[in-house]
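Undergrad: I'll drop the sequence and a predicted model, then ask my questions.
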Amino acid sequence: MTMSIRINDDDARLVKMYCALHNISISDLFRQAVIEKIEDEYDLKCYEEAMKKFEKDPATYSLDEVEKELGLR
């Protein structure tokens, strides 16, 4: 799939300089940036859901307790 974006000349120069400095294509830069943005938002959502669960039941366990429960000790 091909996608295109529009950026102003100053931003385009900055992007090209960045890509040249890091020896990466513009396509790779934008692909990586978009994927990282999506992953960051997903991670934040997972964190917020985990915190809600923890606030309802703030039980914590030590590493020793977890290992014993899982039969690793």
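TA: Alright, I've got the coordinates. Numbers count the residues shown, from 1 in each chain.
Undergrad: how many neighbouring residues does L29 have?
TA: Burial of L29 is recorded as 15 neighbouring residues (other C-beta atoms under 10 Å). C-beta here means a position set from N, CA and C on the backbone, and glycine is covered the same way.
Undergrad: show me the contacts for E55.
TA: By C-beta atoms under 8 Å, 6 or more residues apart in numbering, the contact set of E55 is empty.
Undergrad: repeat for I26
TA: I26 makes contact with 15-16, 19, according to C-beta under 8 Å, 6+ apart.
Undergrad: where's the longest helix along the chain relative to the chain centroid, distance-wise?
TA: In the chain, assigned by DSSP state H, the helix with the most residues is helix 26-56. When distances are taken as C-alpha atoms, centre = their mean, to the nearest Å, helix 26-56 is centred 5 Å away from the chain's centroid.
Undergrad: likewise for stretch 45-61?
TA: Distance of stretch 45-61 from the chain centroid (C-alpha atoms, centre = their mean) equals 20 Å.
Undergrad: how far away is the closest residue in space to E69 that isn't next to it in sequence from A50?
TA: Closest residue in space to E69, ignoring its immediate chain neighbours: Y61 at 7.6 Å, by C-beta to C-beta, 6 or more residues apart in numbering. Using C-beta to C-beta, to the nearest Å, Y61 is found at 15 Å from A50.
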